[in-house]
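S.K.: next comes the sequence, and after it the predicted model I'd like to discuss.
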Amino acid sequence: MLGNTKENANMIANRKLPRPARLVLGVILGVIACGVVHAESIEIFAAGSLRGVVTGLAQVAGTEFNVEVKPTFGGSGALRERIEKGEKPDLFLSADLGSPQKLASAGRTVVPATVFARNRMCIVSRRAAGVTAANLIAKMLADNVRIRTSTPIADPSGDYAWAIFDHIDALKPGAGTTLKGKAQAEMNVATPASPTQSAAAALFASHQIDMSITYCGGSAALVKELPELASLEIPPQLDPHPVNGMAVLSAKPEALRLALYLLSEKGQEIIAKAGLVPVLGATPAAQK
């Protein structure tokens, strides 16, 4: 058994978990109590930005109740489409809440979709460019600056980048359209093949891009890979407030316990170690 279910529930109840997640907790506990047949493996579809979270969950699943986790990583929108077309993972951990909610609306989930973590967006650029919160918009709009984002819809990271552009447009009308055009122009840029570099690092190293909008957790690894780069957290007035949503797609007890564990204090520690923002203890304003 994955820890003590009652203990996990008590840990959650005693912390400031958002109300929707507390409601999901009650449903999960009720389904677990039904005593459904145990499984030998759990399949998880997860956003690429959640690789660290899934790795932590896989370790817990293996040591706590001898169940193998079989992960598949990709863009959340693309993974959701695979589920809609018939693939049947047990859990879907998304970089947004919209994709899990869409599956819930289609009757594909065992419990309501819920937020299990939050994220931050960062701008990565060359340290020599001197990008700061004060000059960020001007630097982004400079004619010679090439901006790379993920593809919207297929990957929530792209949607969050587009939301940042919309916030900039509200401050500087017309800027949003310009920035989206810049990003779209760089989406099909070729990535040099290299067994030792990540795709993003290769693009910077080959001088094919000048800026990248990505999750802050990923930006830290990118800066470590290429010390010439610097990462800047998106300023508050431009913040798209990224959230991570979970859809439980099967009634296997192990899948339900993993979902419960993710909402527990220990699960939230895994989330924090992976560079995301836990929802336990979040302020009422942050829970909106």
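M.R.: That came in fine, so what should we check first?
S.K.: can we go C-alpha only for contacts and neighbour counts from here?
M.R.: Noted.
S.K.: what about stretch 252-270, start to end distance?
M.R.: Across stretch 252-270, the terminal residues are separated by 22 Å (CA to CA, to the nearest Å).
S.K.: over to stretch 79-90?
M.R.: End residues of stretch 79-90 are separated by 13 Å (CA to CA).
S.K.: ok, residues contacting that stretch?
M.R.: Stretch 79-90 is contacted from outside by 42-46, 99-100, 103, 248-252, 255, using CA atoms under 8 Å, 6 or more residues apart in numbering.
S.K.: tell me which of those fall in helices.
M.R.: Here DSSP state H is the test, and these give 99, 100, 103, 255 as lying in helices.
S.K.: redo these as a markdown table? Include pLDDT, neighbour count and distance to residue 217.
M.R.: Formatted as a markdown table, the ones in helices among the contacts of stretch 79-90 follow (pLDDT from 0 to 100; neighbours: other CA atoms under 10 Å; distance: CA to CA, whole Å):
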| residue | pLDDT | neighbour count | distance to residue 217 |
| --- | --- | --- | --- |
| 99 | 96 | 26 | 21 |
| 100 | 97 | 30 | 22 |
| 103 | 97 | 21 | 27 |
| 255 | 91 | 27 | 26 |
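S.K.: if we take the residues you listed, which one ends up nearest to residue 147?
M.R.: Using CA to CA, residue 99 is the member of these that lies nearest residue 147, at 25.8 Å.
S.K.: next, the contact list for the closest one, please.
M.R.: By CA under 8 Å, 6+ apart, the neighbours of residue 99 are 76, 77, 80, 245.
S.K.: just among those residues, which is most surrounded?
M.R.: Counting neighbours by other CA atoms under 10 Å, residue 76 comes out on top of these with 28 neighbours.
S.K.: ok, residue 175 to residue 139 distance?
M.R.: Taking CA to CA, one finds residue 175 at 12 Å from residue 139.
S.K.: higher neighbour count, the two?
M.R.: Just comparing residue 175 and residue 139: by other CA under 10 Å the higher neighbour count belongs to residue 175, 20 against 16.
S.K.: pick the one among the contacts of residue 99 closest to residue 215.
M.R.: Using CA to CA, those come closest to residue 215 at residue 76, 13.9 Å.
S.K.: tell me the pLDDT of that closest one.
M.R.: We have a pLDDT of 95 for residue 76.
S.K.: give the contact list for it.
M.R.: So residue 76 contacts 46, 47, 94, 95, 96, 99, 154, 155, 156 (CA under 8 Å, 6+ apart).
S.K.: farthest pair in these?
M.R.: 46 and 154 (13.1 Å).
S.K.: who has more neighbours, those two?
M.R.: residue 46 (25 against 17).
S.K.: any idea how far the more buried one lies from residue 231?
M.R.: Where residue 231 is concerned, residue 46 sits at a distance of 25 Å (CA to CA).
S.K.: then residue 180?
M.R.: 20 Å.
S.K.: settle it for me: which of the two has more neighbours?
M.R.: residue 231 (23 against 17).
S.K.: got the contact list for the nearest residue to the more buried one once chain neighbours are set aside?
M.R.: Counting by CA to CA, 6 or more residues apart in numbering, residue 124 is the residue found nearest to residue 231 once chain neighbours are left out, at 4.5 Å. Applying CA under 8 Å, 6+ apart, one finds that residue 124 lies in contact with 211, 212, 213, 214, 219, 223, 229, 230, 231, 232.
S.K.: buried residues in the helix or strand harbouring residue 271?
M.R.: Per DSSP states H and E: residue 271 is located in helix 265-273. Of all the residues in helix 265-273, those buried under the rule 16 or more other CA atoms under 10 Å are 265, 267, 268, 269, 270, 271, 272.
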